[in-house]
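Asker: Turn this into a model:
(chains A and B)
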2 protein chains.
Amino acid sequence: MTEKKSLKMDKTDSIVLNPIGIVKNSIKSPALIADEDGLRQNSDKKAVQKGFHETEEEISEIILNEEFEELLEGIEEYSHIMVLFWGHGISEEGRNLKKVHPMGSKDIPLTGLFCTCSPARPNPVLMTVTRLCGREKNILKVSGFDGINNSPVLDIKPYVGEYYPQKDISIPGWMQKIADEHYSK
Amino acid sequence: MTEKKSLKMDKTDSIVLNPIGIVKNSIKSPALIADEDGLRQNSDKKAVQKGFHETEEEISEIILNEEFEELLEGIEEYSHIMVLFWGHGISEEGRNLKKVHPMGSKDIPLTGLFCTCSPARPNPVLMTVTRLCGREKNILKVSGFDGINNSPVLDIKPYVGEYYPQKDISIPGWMQKIADEHYSK
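Answerer: Just a heads-up that it's a prediction; the model follows:
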């Protein structure tokens, strides 16, 4: 392996983000919990349900710091937006996981973490496409947001369907099963 | 406005990311440049072309730090992945922009930054869905990646088409025009 191929980033290259706001909703506890034993479903079944099923109907408020209100001007022309947020409940152990059972389900073999949607990951920058229901100044109301209450918000991006391919897509069978069970609308 | 509605994040809440790898490709200069005057197209026309048209064919290498190789196990089952990367060329002025002419085009009125795909934004966490062409240990080969050479990589996520809605989507007319011109395949 040549030097070029094993480029090691230096710790001094750390990147600092400042949250632009915060999420408020009724999801108090995450559906999936990560610790040194890996990924598992929350024993609070209500939290699992909210995380995987009910959030489509749940309205979340994305409260941006007031200084960012101007950056939202025109957002109402979009039906959907992409919200980037920080997995603030993820522990150091969660950020160091290498393989997990997807969805915390022991029925699915241990899988490389980057092949999964695990919220626990080296840099837990999470994202979700949400329907935009309205805006009041610096506050967006969205449905379908699956992060928990008090998640720090990192970015708002417009959602443009054309940029997300739908043809000639292949995914593993276990992921197709998850998509069919939890996200069919 | 109640206290709840104007929640101000504290600077001490800063979030630290450590890059997991780096991108290598032939895109040496970004298509769009941000400075205190706003967003404009690169005067290097080749860079603009590469950024907007030719990258579909361009093969980029995503070189992860070797410690993350295990996290990629199983990734070959996906035809597409989502790459999160850091806009490392973005200046402080770029991170403070409030409104821009989308695509640096003066023909489109100044628009709130969160309504645009400007790479310059408060937290320049950029992302793109790319076709996965192959993996060799800790190195992914992808096509359709539109970031520049040496971009620090923050996360690799599986791309699952079902999670990205295609029905009942609305976007502004100017964005539709950009999508039609630059991203039709």
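
Asker: can you give me the helices for chain A?
Answerer: Along chain A, the segments classed as helices by DSSP state H run A:45-52, A:92-95, A:173-183.

Asker: Tell me which residues of the shortest one come out buried.
Answerer: Within helix A:92-95, the residues that qualify as buried by neighbour count (16 or more other C-beta atoms under 10 Å in any protein chain shown) are residue A:94. (Each C-beta comes from the backbone N, C-alpha and C, glycine too.)

Asker: Can I get it in CSV? Just the C-alpha atoms.
Answerer: What follows is helix A:92-95, C-alpha atoms only, in CSV (Å, rounded to 0.1, in the frame of the first residue of the first chain):
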residue,chain,number,x,y,z
GLU,A,92,-18.3,7.6,23.0
GLU,A,93,-18.8,3.8,22.9
GLY,A,94,-21.5,4.3,20.2
ARG,A,95,-19.1,6.4,18.1
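
Asker: Who are the packing partners of it?
Answerer: Packing partners of helix A:92-95 (3 or more C-beta pairs under 8 Å, 6 or more residues apart in numbering or on different chains; DSSP states H and E): strand A:32-35.

Asker: what comes into contact with the strand it packs on?
Answerer: A:39-42, A:51, A:90-91, A:93-94, A:97, A:100, A:103-104, A:118-120 (C-beta atoms under 8 Å, 6 or more residues apart in numbering or on different chains).

Asker: What strands flank that strand, and is each parallel or antiparallel?
Answerer: strand A:38-41 (antiparallel) (DSSP bridges).

Asker: how far does the partner strand sit from the chain's center?
Answerer: Remark: strand A:38-41 is offset 16 Å from the chain centroid, using C-alpha atoms, centre = their mean, to the nearest Å.

Asker: Now tell me what touches that strand from outside.
Answerer: Residues from elsewhere that reach strand A:38-41 (C-beta under 8 Å, 6+ apart): A:31-34, A:48, A:97, A:99-105, A:118, A:120.

Asker: Model confidence at residue A:55, what's the number?
Answerer: Among the per-residue scores, residue A:55 shows a pLDDT of 61.

Asker: picking that back up, closest one of the contacts of strand A:32-35 to chain B?
Answerer: Distance to chain B, by C-beta to the nearest C-beta, is smallest for residue A:97 among these, at 8.3 Å.

Asker: give me the low-pLDDT residue ranges for chain A?
Answerer: Scanning chain A for pLDDT under 70 picks out A:1-13, A:52-56, A:183-185.

Asker: Any idea which residue is closest to the centre of it?
Answerer: Nearest to the mean C-alpha position of chain A, by C-alpha atoms, centre = their mean, lies residue A:126 at 3.1 Å.

Asker: What residues does it make contact with?
Answerer: By C-beta under 8 Å, 6+ apart, residue A:126 lies in contact with A:84-87, A:119, A:147, A:151.

Asker: Check residue A:98 too.
Answerer: Applying C-beta under 8 Å, 6+ apart, the residues near residue A:98 are A:112-113, B:70-71.

Asker: what's the angle from the longest strand anywhere in chain A to strand B:125-136?
Answerer: Across chain A, the longest stretch assigned as strand under DSSP state E is strand A:125-136. For strand A:125-136 against strand B:125-136, the angle by axes from the mean of the first three to the mean of the last three C-alpha atoms, to 10 degrees is 150 degrees.

Asker: List the pairing partners of strand A:125-136 within its sheet, with orientation.
Answerer: Applying DSSP bridges, one finds strand A:125-136 paired with strand A:80-86 (antiparallel), strand A:139-143 (antiparallel).

Asker: With just CA atoms, put it into CSV.
Answerer: Only the C-alpha atoms of strand A:125-136 are listed here, as CSV (Å, rounded to 0.1, in the frame of the first residue of the first chain):
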residue,chain,number,x,y,z
VAL,A,125,-24.4,13.7,11.7
LEU,A,126,-27.9,12.4,11.1
MET,A,127,-30.4,13.5,8.5
THR,A,128,-33.9,13.1,7.5
VAL,A,129,-36.1,14.3,4.7
THR,A,130,-39.2,15.9,6.2
ARG,A,131,-42.4,17.4,4.9
LEU,A,132,-42.4,21.2,5.5
CYS,A,133,-45.8,22.1,7.1
GLY,A,134,-45.1,25.8,7.7
ARG,A,135,-42.8,28.5,8.9
GLU,A,136,-43.3,31.2,11.5
